[in-house]
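> no FASTA, just this:
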């Protein structure tokens, strides 16, 4: 799947891994996205809800059997606005 097409999808409920982050303690962690704002993902990791900023991070999503990597700056929009912005 194309990254631009995927960037328009709903992220809540998708498995995600953090490939890169300015805070090295986040790298390699994975979980399920439970909420999204313009600048943050809330991810369920080991039965705890953690928040991570989108900008300066790179995420690997698993979607329909494919692994897709996106830079957080590409998707740093409100979920309802992301469909229009990622054209």
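Sure thing, it's come through. Here the structure is a predicted model, which is why all the values come from computation and not from measurement.
> when you work out contacts or count neighbours from here on, use the C-alpha atoms and nothing else.
Will do.
> show me how far whichever helix or strand residue 41 is part of is from its chain's centre.
Using DSSP states H and E, the element containing residue 41 is strand 40-45. With C-alpha atoms, centre = their mean, to the nearest Å as the basis, strand 40-45 stands 9 Å off its chain's centre.
> list the strands paired with the helix or strand just after it, with their directions.
Next along the chain after strand 40-45, taking DSSP H and E as the criterion, comes strand 48-53. Note on strand 48-53: by DSSP bridges, its sheet partners are strand 40-45 (antiparallel).
> pLDDT (mean, whole number) over the strand holding residue 41?
What strand 40-45 shows for mean pLDDT is 96.
> all further residue positions should be reported with the first residue as 560.
Fine by me, first position is 560 from now on; the one you just mentioned is strand 599-604.
> against which helices or strands is the longest helix along the chain packed?
Using DSSP state H, we find that the single longest helix of the chain is helix 638-644. If contacts are counted by 3 or more C-alpha pairs under 8 Å, 6 or more residues apart in numbering; DSSP states H and E, helix 638-644 sits against no helix or strand.
> buried residues, the worst-scoring helix or strand of the chain on mean pLDDT. List them.
Across the helices and strands of the chain, mean confidence by mean pLDDT, DSSP states H and E is lowest for helix 638-644: a mean of 79. Under the neighbour-count criterion of 16 or more other C-alpha atoms under 10 Å, helix 638-644 has 638, 641-642 buried.
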